[in-house]
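Chemist: The following comprises the amino acid sequence and a computationally predicted model.
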Amino acid sequence: MSAEPQSPPWHRNLATWRRIRRHAVPRPMIERAAERREAGDWRGACAAANVDVRFDLDAVAREHGTQAAARLADDLRHLAPDLLRWNLPRVGCGRTTIVPQLVIALARYGDDGFPHRDGLHDDSGGLGLYVVTPMFVNGSQRLKLILRPGPRETTDWTGERHLFDVRHSGGLLAHCGGGPDRAPFFHADGTLRTAAELPASPPAPEDASAHAEWALLLHERGDLAEAFDAVGIDLSLERRPGHPAWFDEPSSMFAAMALSPPMIARAVAERAAGPAAGPDGAVTLCIEGGWARTVVLEAGGARARPLARSGHRWGGDEDAAPLAEHHWRRPPDLELLRAEMITPEELHPLVRSALFPARPAAEGPVGPPGTWRPEPVRVRCRGEWHEVRSGGGGLEMPHSLDEQRRERALEALGGAVSGCFAVHRVWRTGKGRLPRGLREQRREVFLRVQHGDTEGVLALLDAGLDPFVRDGRKRTLMHQLYTMDHTVMLPRLLDAGLGLEDLDHHGRTPLHIAVGDHGSAALVRALVDAGAHTDVSDDNGTDVKQMIELRGREDLDWL
């Protein structure tokens, strides 16, 4: 085999995945959702996980019969909306948000009221339970749970219940290529296997975990054909006819993607044996590789073994069925653990239990870390190094109140400020560049905001966070109310002195943002009741009324 690289190419994305795991599903959300679910309150569990339920069970019983309603209710009692949120696909490229505008089928119910769970069933006469992801990449991360006749254009998770159903969450271990008692690269208790314990030659196929380790190690070392051969797939690294000249060589794409050959082999085999395959078992699947490139998987027909090859969006494979990311990507949780960037205790509790069945009970709470405490940051000021920290409701710096008043007066007159005072201006205006440490602290704050962690933001304010901090888009916490519980946050921010007419980088007020980014009608009314002006326009000349029309906000007709 070739020499092992220092770090696989996809490891550069692990920093983003660590932020996702830290912020996207906060521990309080997991704990409240579990408490409500275990109490039999599925609606409360959804509310705790920021999932809006858009149907009524009584109406389902009236319109579709008691049997369908009973089957649906049984599924809802076992739905873990926080686990669903944990497993939803992410935008990536440095962003922590959920891929927007997806409609994911969780279950389909035939006219007999019984759920079809093979992941491939097509029943136009029955109902479907779906989750709808956010509308915008940078918008609120609230989800919608809907019930509607099916099928329509959706992503199908009806056969993926380990991603959202507590009755099946243990299936995650087999899904990621593990054997009956351990995940690849780990012992059953969650400790890493040493290099000496990993396979140095092809292991027996009966040892699923070792077999997966072997294929994954080959891929990491750049032995691409051998990695796919180990799981029974042929690999072609030839350029296809019409392959754009500006594309990398196919080998570069296969090496750079976080592919899991064992998971891909399992997915191909399941689909080739399913009803979606052709009469001779033929199936063609594709994996998005970025920049219009694809990995194409062909199985069945005249092929003795499946084939993996490169493709592109204009390469004649437009009819290939997309393979969902969780069927081909190395599980981010396991990769983070292998890189020792998180511990098993920082995983979702259901994920921890599924992956490491022999791990002892945790001494403390399980889940993403709680509130962080900001550290002081060194700033060059007047030829010296000063320490600046967020605390006491502002940015604390080693300058007297008189000095600070003089600098503010100088700034108001158009004078230049530097050092600690320049940092303070950037922190409160969002214009300019912060020192790295404060930049990370600001990102920490607004990631909690983005993912609806109201409790976490309140804890930071209680610990002395400057409430006047702005993000890189010049948005204040008031602008971001649509992502949080405004009934708690709005009074707190008003008491702190934040303005209702502050402008972001597009000249939009918090009311503009609440309307345009689909904040709730209750939030919009609360802002108006608090005194927000309704006759303002942004830098494009769009006023609030026009924003309502642009977004189709029929729920704001009163405004």
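Modeler: Noted; the coordinates are in hand.
Chemist: For the stretch 1-150 of the chain, give me the ranges with low pLDDT.
Modeler: The stretch 1-150 of the chain contains residues with pLDDT under 70 at 1-6, 110-125, 150.
Chemist: mind running it again at 80?
Modeler: 1-6, 110-126, 150 (pLDDT under 80).
Chemist: again, but for the stretch 201-350 of the chain
Modeler: In the stretch 201-350 of the chain, residues with pLDDT under 80: 240-248, 275-281, 290-292, 313-319.
Chemist: What's the separation between the residue nearest to residue 220 when sequence neighbours are not counted and residue 14?
Modeler: Once flanking residues are discounted, residue 220 sits nearest to residue 8: 5.1 Å by CB to CB, 6 or more residues apart in numbering. To be clear about C-beta, it is placed using only N, CA and C from the backbone, and glycine gets the same treatment. Per CB to CB, to the nearest Å, residue 8 is found 10 Å from residue 14.
Chemist: quick one on the thing from earlier: so the residue nearest to residue 220 sits right up against residue 221, yeah?
Modeler: No: with contact defined as CB atoms under 8 Å, residue 8 does not reach residue 221; the gap is 9.2 Å.
Chemist: out of those two, which sits in the busier spot?
Modeler: Just comparing residue 8 and residue 221: by other CB atoms under 10 Å the higher neighbour count belongs to residue 8, 21 against 17.
Chemist: Would you mind giving both backbone torsions of the more buried one?
Modeler: With angles defined as degrees, to the nearest 10, residue 8 sits at phi -60, psi 150.
Chemist: Do a quick rundown of the helices in the stretch 101-250 of the chain.
Modeler: Ranges of helices in the stretch 101-250 of the chain, per DSSP state H, counting those that start in this stretch, are 172-175, 208-220, 224-229, 250-256.
Chemist: Can you tell me which of the ones you listed is most buried?
Modeler: Counting by mean count of other CB atoms under 10 Å, helix 208-220 has the highest mean neighbour count of the helices of the stretch 101-250 of the chain, with a mean of 23.
Chemist: For that helix, which outside residues touch it?
Modeler: The contact list for helix 208-220 (CB atoms under 8 Å, 6 or more residues apart in numbering) reads 1, 4-5, 8, 174, 177-180, 182-185, 193, 198-199, 202-205, 224, 226-228, 230-231, 255, 259-262, 330.
Chemist: what about burial for these, which qualify?
Modeler: Buried members of these, counted by 16 or more other CB atoms under 10 Å: 8, 177-179, 182-185, 193, 198-199, 203, 224, 226-228, 230-231, 255, 259-262, 330.
Chemist: quick revisit: make a markdown table from the helices of the stretch 101-250 of the chain and add distance to residue 30 to it.
Modeler: Formatted as a markdown table, the helices of the stretch 101-250 of the chain follow (distance: least, CB to CB, whole Å):
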| stretch | distance to residue 30 |
| --- | --- |
| helix 172-175 | 16 |
| helix 208-220 | 27 |
| helix 224-229 | 35 |
| helix 250-256 | 33 |
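Chemist: of the ones you listed, which approaches residue 358 most closely?
Modeler: Nearest to residue 358 among these is helix 172-175; the distance by CB to CB comes to 11.5 Å.
Chemist: what mean pLDDT does that closest one have?
Modeler: Mean per-residue pLDDT for helix 172-175: 95.
Chemist: Would you mind measuring from the residue nearest to residue 220 to residue 291?
Modeler: 19 Å.
Chemist: repeat for residue 419
Modeler: In terms of CB to CB, residue 419 sits 43 Å off from residue 291.
Chemist: okay, the two: which has more neighbours?
Modeler: Set residue 419 next to residue 291 and count neighbours by other CB under 10 Å: residue 419 wins out with 18 against 12.
Chemist: Tell me how many other residues surround the closest residue to that one other than its chain neighbours.
Modeler: Nearest non-adjacent residue to residue 419, counting by CB to CB, 6+ apart: residue 381, 2.9 Å away. By other CB under 10 Å, 19 other residues sit near residue 381.
Chemist: Okay, strands next: where are they in the stretch 301-450 of the chain?
Modeler: Assigned by DSSP state E, counting those that start in this stretch, the strands in the stretch 301-450 of the chain fall at 307-312, 321-322, 377-381, 384-391, 394-396.
Chemist: Turn those strands into TSV, columns for distance to residue 554.
Modeler: Output for the strands of the stretch 301-450 of the chain, formatted as TSV (distance: least, CB to CB, whole Å):
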stretch	distance to residue 554
strand 307-312	41
strand 321-322	33
strand 377-381	47
strand 384-391	41
strand 394-396	42
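Chemist: looking at these, which is buried most?
Modeler: Most buried among the strands of the stretch 301-450 of the chain, given mean count of other CB under 10 Å as the contact rule, is strand 307-312, at a mean of 22.
Chemist: Packing partners of that one?
Modeler: Under the contact definition 3 or more CB pairs under 8 Å, 6 or more residues apart in numbering; DSSP states H and E, strand 307-312 sits against strand 234-235, helix 250-256, strand 293-299.
Chemist: Now the host helix or strand of residue 495: average pLDDT?
Modeler: Using DSSP states H and E, the element containing residue 495 is helix 486-496. The average pLDDT within helix 486-496 is 97.
Chemist: Could I get the buried residue list for it?
Modeler: So, applying 16+ other CB under 10 Å, buried residues of helix 486-496: 486, 489, 490, 492, 493.
Chemist: Same question for stretch 325-333.
Modeler: Applying a neighbour-count criterion of 16+ other CB under 10 Å, the buried positions in stretch 325-333 are 325, 326, 327, 328, 329, 330, 331, 332, 333.
Chemist: tell me how far the ends of it are from each other?
Modeler: Terminal residues of stretch 325-333 are spaced 14 Å apart (CA to CA, to the nearest Å).
Chemist: from the middle of its chain, how far away would it be?
Modeler: 13 Å (CA atoms, centre = their mean, to the nearest Å).
Chemist: Much appreciated, bye for now.
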